[in-house]
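Chemist: Requesting a structural model of the entry that follows:
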Amino acid sequence: MELLKVENVTKKYITKKALENMNMTIEEGKIYGLLGPNGSGKTTLMKMIAGLIQPSSGKIEIMEKKIGKESKQMVSYMPTSNHLPKWMKIEQCIGYYDDYFEDFDREKAKELIDFMGLKENLKVGALSTGMLGRLKLSLVLSRNAKLYVLDEPLNGIDPISREKIMQTILNACQEENTVIISSHLVKELETILDEVIFLEKGNVVLSGNAENFRIEKGMSMDELYREVYKDA
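Modeler: Next comes the predicted model:
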């Protein structure tokens, strides 16, 4: 079933176009890799899906609803930057999410944070990059959302944290929800992606089922990524 539709979307800034006449669809129950080098439009698109910025033209719909108050309730978004106050302890972060989001599952958050090897009495400001990434993901995936939008969740993350993050993402995707992960670290994501969408200069240059690409092209997704962007 179609969950998300992006139709003829353009996003203009003063000096450049971040997206240009983009079209794509996302189905339920799958993990999507939104792939491309820096500046390809991944973060802009994700912010639009999360309802944080508006397109200059075109439309985005989630469950046939335009991006707005209703759609925001269906999307759980993890930005690249740290959005948690440094003075907060992890247990306070759980309370903050619990107060702010009606669909937040406090018990699930505690379980995920424990699985991630984090202690609730630690302050955000004292966390390493890997620990912070694990915390952000635990909170975002503890919402009962239809769509999880994760912007570069593996950036700056150590190998041990990456393994835990990958397992948690894989466990989060059920038949009734969907995960979109943006990244340029394709090799690390290879084993969990169902579908891939390659972006370049604000548009989709290639998309499809990851396993079909492996069979038809005889390439891993990392090799296909290098092929798509060899002249970039």
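
Chemist: how near is residue 11 to residue 153?
Modeler: Counting by CB to CB, to the nearest Å, the gap from residue 11 to residue 153 is 22 Å. Quick note: C-beta positions are derived from backbone N, CA and C, even for glycine.

Chemist: Of the two, give the one with the bigger neighbour count.
Modeler: residue 153 (26 against 22; other CB atoms under 10 Å).

Chemist: mind checking pLDDT for that one?
Modeler: pLDDT for residue 153: 88.

Chemist: you'd agree it is up against residue 78?
Modeler: Yes - under the criterion of CB atoms under 8 Å, residue 153 is in contact with residue 78, at a separation of 6.2 Å.

Chemist: Now for the two: what residues contact both?
Modeler: Common contacts of residue 153 and residue 78 (CB atoms under 8 Å, 6 or more residues apart in numbering): 136-137.

Chemist: centroid residue for this protein?
Modeler: Nearest to the mean C-alpha position of the chain, by CA atoms, centre = their mean, lies residue 150 at 1.8 Å.

Chemist: who's that one bridged to?
Modeler: Here residue 150 shows beta-bridge partners residue 78, residue 181, assigned using DSSP bridges.

Chemist: Please name the residues that touch it.
Modeler: Counting by CB under 8 Å, 6+ apart, the residues that residue 150 touches are 78, 137, 140, 169, 179-182.

Chemist: Equivalent analysis for residue 121, please.
Modeler: 89-91.

Chemist: try it again with 10 Å
Modeler: Taking CB atoms under 10 Å, 6 or more residues apart in numbering, we find residue 121 in contact with 89-92.

Chemist: how about those residues in a markdown table, adding neighbour count and secondary structure?
Modeler: Formatted as a markdown table, those follow (neighbours: other CB atoms under 10 Å; DSSP: H, G, I helix; E, B strand; the rest coil):
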| residue | neighbour count | secondary structure |
| --- | --- | --- |
| 89 | 16 | strand |
| 90 | 25 | helix |
| 91 | 15 | helix |
| 92 | 16 | helix |
